[in-house]
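give me a model of this one.
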Amino acid sequence: MKNFTYYVPTKIHFGQGMISHLSELSESGSRVLMVYGGGSIKRMGIYEKAMKILAETGLQVFELAGVEPNPKVELVREGISLCRSQKIDMLLAIGGGSVIDTAKSIAAGTCYDGDVWDLIEDSSKIKAALPVYTVLTLSATGSEMNKNAVLSDMSRNLKDSMSSDLLKPRMSICDPTYTFSVPKGQTAAGTADMISHAFENYFSPVKDAFMGFRLGEAVLRTCFRYGPIALAEPDNYEARANLMWASTNAISGTTKFGTDVGWSCHPMEHELSAYYDITHGVGLAILTPRWMKHILSPETAWKFGEYGREVWGISGEDDLKVGEEAIKKTAEFFFDVLGLPRTLTEVGIGEEKLELMAENCTPRLANAFVPLTKEDVLAIFKDCL
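The predicted structure is shown next:
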């Protein structure tokens, strides 16, 4: 196992009715910026509940709405300006990963003298951040308990992340009932996203991190079991609760300790989102089986054999054959069970920018489970068409 430092300061209030703990925000001051997306939190009654609790606690609330999927740097800059002018003490993100990442970026940018994109290019510049609290309404990114924030600058076709322990939320409220109304497409894409998070840490050259790999397999098996149930029965509490907790743990750091490795599919998908603004989980689902197929070899077969036996229950001594069957089952799950698009063509992506995107992301793939060249990435992209 590799050395690691374990630091997870986020207090999680998990379960129905836990929004009552919003009263704890008073520990961080009296002025809060509430960040959210569209009108869904108002239709669901979450907005009204939150405002009532915050008012009773004596907090003054300011609002920043309009967060989109693949959160945009322009809204973050607007939020930073608002925080500075109104002397905001903390941020409350009510939504999914895009909302939480927007709040984190605002929290760090408010405490930085330069432009917030500097923190994307060099996260060591994050020296302080406002406290961030969250109410989770979509299981996918795990941003409610991790140190990352992904941001897009569509004017320059850039999508990347900042990372700092200072971005870890102080507290997150995870009520599975808030995900009952999530549309099927978003539920499917969110499930694919959390599966990909688990894969990124699971496919590691380290061979002796037994604990971390078994935790990763637990996350994967949870997603494969409960994703279809949540699609068929949106208000199934057991399914939604297990998916929510799997999402949080897939990228909280727990599964990567001792196995840490450079990621593979996420850098490639970030290029797709930066140029075409597609749903992150959809892009990951399209890429993942093709990436698996591309890197399966006699040298990597041991890991695919482990995956096939431990997660899918595939029998057999031949790692290559078990790995091939596991990849087939993974693709069937994404495309047949979850019903996600199978190809880049289906989401409006053609060949015209594939070479450019492959060149852009290759530097981030040098430390992956299998390092990928520009030619490797281009081959994977073309296989996805």
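
which of the three states applies to the residue of the chain most remote from its centre?
Distance from the centre of the chain peaks at residue 317, with 34.4 Å (CA atoms, centre = their mean). Three-state assignment for residue 317 (DSSP: H, G, I helix; E, B strand; the rest coil): coil.

where along the stretch 201-350 of the chain do the helices fall?
All helices of the stretch 201-350 of the chain, identified by DSSP state H, counting those that start in this stretch, fall at 210-232, 237-250, 265-276, 280-295, 301-312, 319-332.

TSV for those helices, including mean neighbour count and mean pLDDT?
C-betas here are computed from N, CA, C, even on glycine. Listed next are these as TSV, based on neighbours: other CB atoms under 10 Å; pLDDT from 0 to 100:
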stretch	mean neighbour count	mean pLDDT
helix 210-232	19	97
helix 237-250	23	97
helix 265-276	23	97
helix 280-295	24	98
helix 301-312	20	98
helix 319-332	19	98
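
and residue 343, which of the ones you listed is closest to it?
Closest approach to residue 343 among the helices of the stretch 201-350 of the chain is made by helix 280-295 (6.5 Å; CB to CB).

please, which helix or strand holds the most centrally placed residue in the chain?
Closest to where the C-alpha atoms of the chain average out (CA atoms, centre = their mean) is residue 141, at 2.3 Å. Using DSSP states H and E, residue 141 falls within no helix or strand.

does it really touch residue 193, like I thought?
Yes: at 6.2 Å, residue 141 and residue 193 qualify as touching, with contact defined as CB atoms under 8 Å.

what touches both of the two?
Taking CB atoms under 8 Å, 6 or more residues apart in numbering as the criterion, residue 141 and residue 193 both touch 97, 247, 280.

re the thing from before, residue 178: which of the helices of the stretch 201-350 of the chain is closest?
Of all the helices of the stretch 201-350 of the chain, helix 237-250 comes closest under CB to CB, at 8.8 Å.

quick one, the closest one and helix 210-232 angle?
140 degrees (axes from the mean of the first three to the mean of the last three CA atoms, to 10 degrees).

other SSEs contacting helix 237-250?
strand 11-14, strand 171-174, helix 184-202, helix 210-232 (3 or more CB pairs under 8 Å, 6 or more residues apart in numbering; DSSP states H and E).

export those to TSV and tack on distance to residue 326?
Shown next, in TSV, are those (distance: least, CB to CB, whole Å):
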stretch	distance to residue 326
strand 11-14	31
strand 171-174	30
helix 184-202	11
helix 210-232	11
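
just to check, residue 320 is in contact with residue 298?
Yes: counting by CB under 8 Å, residue 320 sits close enough to residue 298 to count as a contact (6.9 Å).

same for the host helix or strand of residue 99, what does it pack against?
Using DSSP H and E, the element containing residue 99 is helix 97-110. Under the contact definition 3+ CB pairs under 8 Å, 6+ apart, helix 97-110 sits against strand 31-35, helix 73-86, strand 90-95, helix 117-121, strand 132-136, strand 148-153, strand 158-163.

report the distance from the fourth one to the chain centre.
Spelled out, that is helix 117-121. Mean C-alpha position of helix 117-121 versus that of the full chain (CA atoms, centre = their mean, to the nearest Å) differs by 19 Å.

other SSEs contacting that helix?
helix 97-110, strand 148-153, strand 158-163.

in three-state terms, label residue 51 for me.
Strictly by three-state DSSP, residue 51 counts as helix.

number of nearby residues for it?
Using other CB atoms under 10 Å, residue 51 has 16 neighbouring residues.

how near is it to residue 92?
11 Å (CB to CB, to the nearest Å).

coming back round to it: ok, now which ones touch the closest residue to the residue nearest to the centre of the chain other than its chain neighbours?
Here the nearest residue to residue 141 in space, its sequence neighbours aside, is residue 97; by CB to CB, 6 or more residues apart in numbering that works out to 2.8 Å. Neighbouring residues of residue 97 by CB under 8 Å, 6+ apart: 138, 140-143, 150, 193.

alright, I will stop here.
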